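> what would the 3D arrangement of this be:
(chains A and B, ligands or ions: 2)
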Amino acid sequence: MNNIVIIAKREAKAYFSTPLAYIFISIFCGLTAAFTFYLGAFIERGQADLAPFFESHPWLLVLLVPSISMRLWAEERKTGSIELLMTLPITSLEAVIGKFIAAWLMIAVALALTFPIWITINILGNPDNGVVISSYLGSWLLAGQFLAIGSALSAMTKNQVIAFVVSTAACFVFVMSGLETVTHALEGWLPSYILLAVDTMSSLDYFEEFTKGIIDARAIVFYITTIVFWLFINVVVINLKKAK
Amino acid sequence: MDNFIVLDNLRKSFGNIVAVNGISMTVNKGDILGFIGPNGSGKSTTMKMATGFLTPDMGTSHICGVSMNKNPKEAKKLIGYLPEGAPAYGEMTTIGFLNFIADVRRLSGKEREVKIDKAIDRAQIKYVLNQQIDTLSKGFKRRVGLCQAIMHEPKVLILDEPTDGLDPNQKHHVRQLITEISRDTAVIVSTHILEEVDAVCSGVLLINKGNVVLNGSASDLRAKLANHNAVNIKLKPENLESAKRLLLTLSSISKIEVHEETQHNVNLKVLPKENMIIITDVAKVIADNKLPINDISVDQVRLDDAFRKLTTNDIGILNE
Ligand SMILES: Nc1ncnc2c1ncn2[C@@H]1O[C@H](COP(=O)(O)OP(=O)(O)O)[C@@H](O)[C@H]1O
Ligand SMILES: [Mg+2]
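Numbering: from 1, shown residues only, chains lettered A, B, ... in the order given. Ligands and ions are numbered 1, 2, ... in the order given. Next up, the predicted model:
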């Protein structure tokens, strides 16, 4: 067995042997349902699609993913177990990837467990299930990006509350940068190339492609690149802390 | 090559605090080095650099010839390490945790079973295998940490205060265990309990404020005190002068101090030269001259005293 798998297995067990996974999954499913049925006027719209359900995801993930990522490294530092982990024959990279994978899979489970909503819509009408699948993929990639950001920020502190607040703010910026109101407001203030950069960095724009049923290679590359980038930052932070 | 642990001129500062200021040591196969020093003297920081948790500002750590800096993964495979406070994953059960360590250590099949069982047996944690680590007492938690460190039968064992928080029976058992394991292993044990050094260690490295104060054996540590092996004699005041005269003829003594003179008794302290053992000479003088005395005893300097003298600034008894 490879070190990444060993770490991921240990982390996954930790999620499910504590209330963490159960609480996360229940709250995620509960809130998406609430958004869909009440705020999204699911029934009244009379349309057999899951648009309101997926529209709620970026906002829920901004809050919920940092609640998972905050503990990834901050808790290890707090309890001192990081000293054990980093003196075992495991590299920082392996540990970072292993932890990320376990958390990302847990989020996949949470997404999968929203399936009753998908069944409901199939009973009520004939939705485009291709769109549903691409939307789920978009949600998962977006969650992965938030998770990587949160994991890197969690490595900087031993205080989980700080890790949570800072990660939420950072993810929020990534979502907001795609809203037209924000880019319009920035027009004239920032040079156009930065504005363009802000706009292309928007997680939300890429996510919306997925919810339209478009699986664009550029969008996938965007998410994977940002995940790799933040996990790289994560490794750098851990190695810097050793030398501090 | 029996130099299993070679630390060379390790240095580390945290901001303005110089935690470790050039510490070197060599520990050979079969040796147990007692790494002692007051709290905050830099023991844990040194061990963290030796095991690759912290990168030194300067200096190197080699484990069986493998550089911790250049090849950390290989070097770490050779080490069993018990960090200070025995951190573990609290939400896991003891056996779950040990299985995780066995995975990381690449133990499999029959060997895995045998090694896990042996380590559990040695650390005496059979009764808490299914208990969650967070709910264990301090002593058991420490022993789970020890079990984790020895499981893969490493060539190098680095233990940061392994007996801290244990009761006397447990302490005794851990010391026995360390002695047993040390035959094929190089061990560093940090402690501030000096009886431990006498009980298990083959060598002592005493540090203070990040600097090496003494590198030698427990008797070298004792020898740092002038009154080590000094002889105390209690006699009547009327015999004082003749006793002094007779004793001063001995070439092995450096000086005689007179303490607590009362009407009926006076205490003499006869100090040896360079830690020589003088009781035989002194006793012979007394016997040959039929000197009447009330009591005679040898000062056994406790390691505690030597430790305190060497790590506080009110020296003066140092015979250097
Ligand atoms: N992470 C750290 N940040 C700042 N100072 C530290 C850190 N770790 C240790 N120190 C300081 O370094 C010195 C040595 O500490 P330590 O190695 O833990 O000593 P010991 O283990 O001998 O008690 C102490 O003054 C301690 O306060
Ligand atoms: Mg310490």
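
> drop to CA atoms for contacts and neighbour counts, all remaining ones
Noted.

> roughly how far apart are the most far-flung residue of chain B relative to its centre and residue B:257?
Distance to the chain centre peaks in chain B at residue B:238, reaching 45.9 Å (criterion: Cα atoms, centre = their mean). Here residue B:238 is placed at a distance of 16 Å from residue B:257 (Cα to Cα, to the nearest Å).

> again with residue B:180
Residue B:180 is 45 Å from residue B:257, by Cα to Cα.

> repeat for residue B:185
Computed as Cα to Cα, the residue B:185 to residue B:257 distance reads 47 Å.

> counting neighbours, go ahead and name the busier of the two.
Using other Cα atoms under 10 Å in any protein chain shown as the criterion, residue B:185 and residue B:257 rank with residue B:185 on top: 25 against 11.

> state whether the residue farthest from the centre of chain B is indeed within a strand.
No. Judged by DSSP: H, G, I helix; E, B strand; the rest coil, residue B:238 forms no part of a strand; its state is helix.

> residues near the closest residue to residue B:126 other than its chain neighbours, how many?
Leaving aside its chain neighbours, residue B:126 sits nearest to residue B:120 (6.1 Å; criterion: Cα to Cα, 6 or more residues apart in numbering or on different chains). By other Cα under 10 Å, 25 other residues sit near residue B:120.

> isn't residue B:120 right up against residue B:114?
No. Counting by Cα atoms under 8 Å, residue B:120 stays clear of residue B:114, with 9.9 Å between them.

> centre-most residue in chain A?
Note: chain A centre (Cα atoms, centre = their mean) maps to residue A:143, 1.8 Å.

> quick one: it from residue B:87, how far?
According to Cα to Cα, residue A:143 stands 31 Å off from residue B:87.

> do residue A:54 as well
From residue A:54 to residue B:87 the distance is 42 Å (Cα to Cα).

> residue B:254 too?
Relative to residue B:87, residue B:254 is positioned 51 Å away (Cα to Cα).

> check residue B:42 too.
Taking Cα to Cα, one finds residue B:42 at 19 Å from residue B:87.

> pLDDT on stretch B:7-16, on average?
Stretch B:7-16 carries an average pLDDT of 96.

> same question, stretch B:19-35
According to the model, stretch B:19-35 has a mean pLDDT of 95.

> what are the ranges of the strands in the stretch 201-320 of chain B?
With strands called from DSSP state E, counting those that start in this stretch, the stretch 201-320 of chain B shows them at B:203-208, B:211-216, B:231-235, B:253-259, B:266-272, B:295-298.

> which phi and psi does residue B:33 have?
Phi and psi for residue B:33, reported as degrees, to the nearest 10, are phi -90, psi 120.

> quick check, it in contact with residue B:205.
Yes. Between residue B:33 and residue B:205 there is a contact at 7.0 Å, judged by Cα under 8 Å.

> so for those two, which residue has more residues nearby?
Using other Cα under 10 Å as the criterion, residue B:33 and residue B:205 rank with residue B:33 on top: 26 against 22.

> where are the low-confidence patches of the chain?
If you meant another chain, say so; for now it's chain A. Low-confidence segments of chain A (pLDDT under 70): A:1, A:39-48, A:178-183, A:186, A:195-201.

> wait, I meant chain B there
Looking along chain B with the criterion set at pLDDT under 70, you get B:1, B:225-227, B:275, B:301-303, B:313-320.

> end-to-end on stretch B:217-230?
20 Å.

> now do the buried residues in whatever helix or strand residue A:142 lives in.
In the assignment (DSSP states H and E), residue A:142 maps to helix A:129-154. Under the neighbour-count criterion of 16 or more other Cα atoms under 10 Å in any protein chain shown, helix A:129-154 has A:131-132, A:134-154 buried.

> quick check: residue A:107 touching residue A:142?
No. Using Cα under 8 Å, residue A:107 is not in contact with residue A:142; the gap is 10.8 Å.

> report the distance from stretch B:122-138 to the chain centre.
27 Å (Cα atoms, centre = their mean, to the nearest Å).

> buried set for that stretch?
B:122-125, B:128-129, B:132-133, B:136, B:138.

> report the two of these separated the most.
B:122 and B:132 (19.9 Å; Cα to Cα).

> can I assume residue B:5 sits in a strand?
Yes. Residue B:5 sits within a strand when classified using three-state DSSP.

> ok, it - contacts?
B:25-28, B:61-64, B:156, B:186 (Cα atoms under 8 Å, 6 or more residues apart in numbering or on different chains).

> just the buried ones among the residues you listed, please.
B:27-28, B:61-64, B:156, B:186.

> returning to that earlier point: check the offset of the helix holding residue A:142 from the chain's centre.
That offset, for helix A:129-154, works out to 5 Å (Cα atoms, centre = their mean).

> contacts for whichever helix or strand comes after it?
Per DSSP H and E, the first helix or strand lying C-terminal to helix A:129-154 is helix A:160-176. Helix A:160-176 is contacted from outside by A:58, A:62-63, A:66-67, A:69-71, A:74-75, A:146, A:149-150, A:153-154, A:156-157, A:182, A:201-204, using Cα under 8 Å, 6+ apart.
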